[in-house]
Each structure stands twice: as C-alpha cells, then as structure tokens.
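Student: sequence and predicted structure below; questions after.
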Amino acid sequence: MEYSTKAVHGQVDDTGKGAVTYPVYLSSTFLQEDVNQFADFVYSRSANPTRASLEQQVAALEGASYALATATGMAATALAFELLNSGDRILLSDNVYGGTWQFVNELFEGRNLSYELVSDFNHYDFSQLNSSVKAIFLETPTNPLLHVTDLKDVIGRAKAQGLLVIVDNTFMTSYLQRPLEFGADIVVYSATKYYAGHSDILAGLVVTNREDLYFELKRAHKLLGAVLSPFDAFLLSRGIKTLALRLDKHQENAQLIAEYLARQEGIQVYYTGLSDHPGHRIQERQAGGHGGVLSFLLNEEVYDLERFVKSLKLFGFAVSLGGVESLICRPASMTHESYSKDLQERIGIYENLFRLAVGIEAVKDLIDDLENAFHQARK
C-alpha cells in the first residue's frame with residue numbers, strides 16, 4: 001500500500017458507529033466494567049482512544065511497531081533522553097535544533113549526564129569511544145545548515161559499538177526518509193511541523209521497533225504526563241492525511257527557490273536538492289526527496305539585512321516550519337539563539353544566515369516576493 005493511502009486509511013476503525021473520521025474522545029477517565037481487571041482505557045494520561053488511533057496511524061506510515069504521541073516535539077526528544085542513566089554520555093551533532101542543544105546544555109549536568117559535540121558523523125571514529133558513551137543523537141539534514149549524514153554507514157558503525165541511535169527526522173518525515181529502516185533505534189519528530197502542517201498545534205512523536213525500548217518510553221510517557229491531548233491528536237491525524245500532497249508541493253517550491261537563489265549575486269545557498277551540495281548524492285540515495293527547508297547566507301556588502309526582511313510580504317518573519325505558509329527566520333538570533341557566539345561561528349550560524357521554510361503558495365509569487373526584497377535591500 002502506498003504512503004498516501006496509508007496516511008488516509010492507517011487508523012483503527014471506529015467500531016460501532018461507522019464514522020469515517022475517528023471521533024475525539026475528550027473524556028479524562030473511563031468507566032470500568034470489571035472489578036478485577038482494567039480495560040484498555042482507564043485514564044487519558046495513560047491511554048486515550050483518539051491518541052491510540054493516531055499512534056497506530058503514525059506507526060503504519062513509519063513501518064514501525066510502536067509509536068507514542070507527545071505534547072510537543074521537545075517532549076518527544078526529552079522522552080528519548082529518559083532512556084539514559086546517570087553517568088551516561090551521548091554524541092550529539094553540533095548542528096541540531098536549538099531546543100535540543102539547550103536541553104542538553106542546561107539540563108544534562110543536573111542529571112549527571114554529559115555530551116560530546118560532533119561536527120561530522122560521516123567521518124567520526126566510533127572505535128575509540130569511552131565506555132561511558134551510550135548513545136548518539138543526530139538530525140539529517142541538519143537544522144539549519146542542511147548537513148547530511150549517511151544513515152546506513154553511521155548507524156551501522158555506531159551500533160557495532162553497542163550505541164543507542166536516536167534520529168530527529170522532523171525535516172523529512174517518514175514520507176521522505178525512514179531511519180528505522182537503516183537500523184535506528186528511536187526516531188523523534190516535532191509533529192508541530194510537517195505532520196500537522198497548519199501551524200495550529202504543538203505535538204511530538206516517538207517511534208521504535210524495539211519492544212524493550214517501547215515499554216520504557218511508554219512508562220516515562222505516562223509518568224511524566226508528556227502526552228498529546230485528544231483534540232490535538234485529532235487535528236494531527238487530520239493533518240497527516242494530506243502530508244504527502246503538502247510535502248510534494250513544499251519541496252517542489254523549495255527546489256525552484258533554491259535554484260533561483262543560487263543564480264543571485266552575493267548569496268550562498270544550503271539545500272540538498274542542489275547538485276553541488278556536498279550531501280546531495282547521499283540524500284538522493286537514502287531519502288525520497290529534499291524537503292521544504294533551505295538556508296542561505298546573504299552578503300552584507302551587497303544587501304542590507306534588516307531592509308531585506310522588512311521588505312518581504314509573503315514570507316513571515318517567524319520561527320518554525322512545515323506549515324502551509326512560507327516563513328523566514330534568522331537562526332543566530334532566533335531558533336539557535338541559545339548557542340554561544342563562539343559555537344555559532346564555529347558551526348557557521350552567522351548573523352547573515354537566513355532559513356526559509358517554504359510553504360505551498362504559488363512559487364512564482366514567492367520568488368517575486370524575494371526578488372522585490374532583494375531589490376529593496378540592495379546597497
């Protein structure tokens with residue numbers, strides 16, 4: 001069955017009433033008929049029918065055995081980190097979502113956890129690891145510089161050393177890339193982004209094929225209360241049904257905009273869909289597309305940065321991505337503001353770096369908007 005079909009039909013049936021859309025069960029608690037044995041649904045923090053239906057839908061799309069829906073994307077990441085024990089150390093890509101970096105930088109020490117930043121997992125030697133290293137956490141492509149990690153090679157080498165492999169697949173979704181197929185243990189998502197697709201809810205997802213990890217994650221999910229509400233589960237499920245359609249348009253627009261930007265003076269573009277991107281061939285091999293996010297450096301000798309942003313009419317100046325509307329942000333002062341200036345510069349997150357979350361509008365209108373802003377900002 002094709003992905004777009006599973007997205008529509010991947011939920012459990014609503015047994016009894018024949019509703020084509022799975023209902024929203026807003027009840028916080030459920031009556032029990034048996035004094036000695038609880039039913040599947042007791043209290044919505046533990047399990048809720050609407051959330052369970054969503055989780056089945058997500059697992060089907062991922063080709064996974066298990067899925068959990070969380071209140072936010074960061075709750076999904078935090079849930080994965082709950083698998084670490086005191087004294088453990090993780091390897092973390094130095095180019096990840098700012099919230100993930102802030103979590104490990106500010107909360108790990110108090111939990112007696114530590115981390116090592118890795119600039120390029122493709123060339124990392126896993127054979128010389130300290131015994132305290134228990135896991136790796138990576139994104140591919142990365143946020144915001146679109147570095148690409150060879151999932152088959154890196155996951156294979158990491159697991160050969162007994163490491164737990166966690167992949168944040170938010171930029172790609174399971175429509176374009178499925179890290180579990182390359183051996184990842186856990187995949188996390190900010191479902192706020194492409195899965196929901198309309199910038200109107202916060203949500204996260206955790207998927208795995210490992211039963212042992214699932215039961216640990218499920219226990220933490222319940223005890224921490226990091227669960228998605230029934231109504232948001234309904235909205236997320238509804239968004240998923242059009243994910244393939246939307247993401248096709250997102251990346252079609254992103255490709256054309258990246259090609260347009262690459263032709264302009266004073267602009268350096270980061271997008272894996274461009275043939276000269278260092279990770280282009282790997283991305284073509286391991287993913288079904290290049291996604292709807294790109295970044296670019298704007299030469300300050302050619303353009304006034306503030307005037308450029310203020311001249312945009314269709315690209316909203318805001319964080320986040322994956323909604324139907326196009327957004328632009330400046331990572332150094334927005335999504336990755338929690339990085340120190342030294343770390344920002346070492347990685348390449350400069351003040352003149354902009355990230356575009358390309359929406360599904362008519363691409364001609366988006367390019368015209370950029371063209372006008374560049375014209376207005378030119379010195």
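Tutor: Alright, I've got the coordinates.

Student: helix or strand for Tyr166, which one?
Tutor: Not quite, residue 166 is Ile, not Tyr. In this assignment (DSSP states H and E), Ile166 forms part of strand 164-168.

Student: dump that strand to CSV, keeping only the CA atoms.
Tutor: In CSV, the C-alpha atoms belonging to strand 164-168 read as follows (Å, rounded to 0.1, in the frame of the first residue of the first chain):
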residue,chain,number,x,y,z
LEU,A,164,21.7,3.5,21.1
VAL,A,165,20.8,5.5,17.9
ILE,A,166,18.3,8.4,18.1
VAL,A,167,17.4,10.3,14.9
ASP,A,168,15.4,13.5,14.8
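
Student: for that strand, which helices and strands make contact with it?
Tutor: strand 133-139, helix 151-160, strand 186-190 (3 or more Cβ pairs under 8 Å, 6 or more residues apart in numbering; DSSP states H and E). C-beta here means a position set from N, CA and C on the backbone, and glycine is covered the same way.

Student: could those go into a markdown table alongside mean pLDDT?
Tutor: Formatted as a markdown table, these follow (pLDDT from 0 to 100):
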| stretch | mean pLDDT |
| --- | --- |
| strand 133-139 | 98 |
| helix 151-160 | 98 |
| strand 186-190 | 99 |
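
Student: now, of these, which is deepest in the fold?
Tutor: For those, the largest average neighbour count (mean count of other Cβ atoms under 10 Å) is found in strand 186-190, namely a mean of 29.

Student: quickly run through the sheet partners of that one, with directions.
Tutor: strand 164-168 (parallel), strand 204-208 (antiparallel) (DSSP bridges).

Student: C-terminal to the last one, what's the next element?
Tutor: Beyond strand 204-208 on the C-terminal side, the first helix or strand identified by DSSP H and E is helix 211-224.

Student: mind listing what's buried in that next one?
Tutor: Residues Leu213, Tyr214, Leu217, Lys218, Ala220, His221 are the ones in helix 211-224 that count as buried (16 or more other Cβ atoms under 10 Å).

Student: what's around the nearest residue to the fifth one once chain neighbours are set aside, how many residues?
Tutor: With Cβ to Cβ, 6 or more residues apart in numbering as the measure, Glu82 is the residue that lies nearest to Ala220, at 4.2 Å, once sequence neighbours are left out. The tally of other residues near Glu82 (other Cβ atoms under 10 Å) stands at 17.

Student: what do you get for Val206?
Tutor: Neighbour number of Val206 under other Cβ under 10 Å is 30.

Student: hey, what's it bridged with?
Tutor: Beta-bridge partners, per DSSP bridges, of Val206: Leu68, Val188.

Student: that one: what's it in contact with?
Tutor: Val206 is in contact with Ala67, Leu68, Thr70, Ala76, Leu79, Ala80, Ile186, Val187, Val188, Tyr189, Leu217, His221, counting by Cβ atoms under 8 Å, 6 or more residues apart in numbering.

Student: circling back to that earlier point, could I get the strands paired with strand 186-190 as JSON lines with mean pLDDT and distance to Leu298?
Tutor: JSON lines is the format used below for the strands paired with strand 186-190 (pLDDT from 0 to 100; distance: least, Cβ to Cβ, whole Å):
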{"stretch": "strand 164-168", "mean pLDDT": "99", "distance to Leu298": "27"}
{"stretch": "strand 204-208", "mean pLDDT": "99", "distance to Leu298": "32"}
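
Student: for Arg238, find the nearest of these.
Tutor: Closest approach to Arg238 among those (Cβ to Cβ): strand 204-208, 15.1 Å.

Student: dump the closest one to CSV, keeping only the CA atoms.
Tutor: The C-alpha trace of strand 204-208 is given here as CSV (Å, rounded to 0.1, in the frame of the first residue of the first chain):
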residue,chain,number,x,y,z
GLY,A,204,5.6,15.3,19.0
LEU,A,205,6.1,11.7,18.0
VAL,A,206,8.4,8.9,19.1
VAL,A,207,8.6,5.7,17.1
THR,A,208,10.6,2.5,17.6
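
Student: buried stuff in that strand?
Tutor: By neighbour count on 16+ other Cβ under 10 Å, the buried set for strand 204-208 is Gly204, Leu205, Val206, Val207, Thr208.

Student: stretch 90-110 too?
Tutor: 90-101, 103-105, 108.

Student: from those, which land in helices?
Tutor: Residues of the buried residues of stretch 90-110 located in helices (DSSP state H): Gly98, Gly99, Thr100, Trp101, Phe103, Val104, Asn105.

Student: export those to a markdown table and append columns for distance to Ser53.
Tutor: Compiled in a markdown table, these are given as follows (distance: Cβ to Cβ, whole Å):
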| residue | distance to Ser53 |
| --- | --- |
| Gly98 | 32 |
| Gly99 | 28 |
| Thr100 | 28 |
| Trp101 | 34 |
| Phe103 | 29 |
| Val104 | 33 |
| Asn105 | 37 |
